[in-house]
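**Student:** 3D, please:
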Amino acid sequence: MTFGTGTRLRQISPILKNEDTRHRMILRCVENNSVIEGLPAFSKTTKQECLQELREIASKH
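**Tutor:** Numbering: from 1, shown residues only. Presented below is the predicted three-dimensional model:
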């Protein structure tokens, strides 16, 4: 099976076209998975730092 050769989901989903919304959804998913694994929920500072890092990574691509 080959991955990464088709249309990206963010190109066809109206919600995911908005970069800020997409980053917040990614962060929410990561936080939920971390809590399921027994880690504490993210603090407001941690969320802001993670969102900033996502923005920096996205700006390089």
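
**Student:** where's residue 60 relative to residue 5, distance?
**Tutor:** For residue 60, the distance to residue 5 (C-beta to C-beta, to the nearest Å) stands at 22 Å. For glycine as for every other residue, the C-beta is placed from the backbone atoms N, C-alpha and C.

**Student:** just for this structure, where's the confidence low?
**Tutor:** Along the chain, segments meeting pLDDT under 70 span 1-2.

**Student:** Which parts of it are helices?
**Tutor:** 9-12, 14-17, 19-36, 44-59 (DSSP state H).

**Student:** what would those look like in CSV with mean neighbour count?
**Tutor:** Below are those laid out as CSV (neighbours: other C-beta atoms under 10 Å):
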stretch, mean neighbour count
helix 9-12, 10
helix 14-17, 11
helix 19-36, 13
helix 44-59, 12
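
**Student:** Find the residue at the geometric middle of this structure.
**Tutor:** residue 26 (2.3 Å; C-alpha atoms, centre = their mean).

**Student:** which residues does that residue contact?
**Tutor:** residue 54 (C-beta atoms under 8 Å, 6 or more residues apart in numbering).

**Student:** and if we set it to 10 Å?
**Tutor:** Contacts for residue 26 (C-beta atoms under 10 Å, 6 or more residues apart in numbering) come out as 16, 50-51, 54.

**Student:** The closest residue to residue 27 other than its chain neighbours and residue 28, how far apart?
**Tutor:** Distance criterion C-beta to C-beta, 6 or more residues apart in numbering; nearest residue to residue 27, sequence neighbours excluded, is residue 50 at 5.5 Å. Distance of residue 50 to residue 28, given as C-beta to C-beta: 11 Å.

**Student:** Noted, bye for now.
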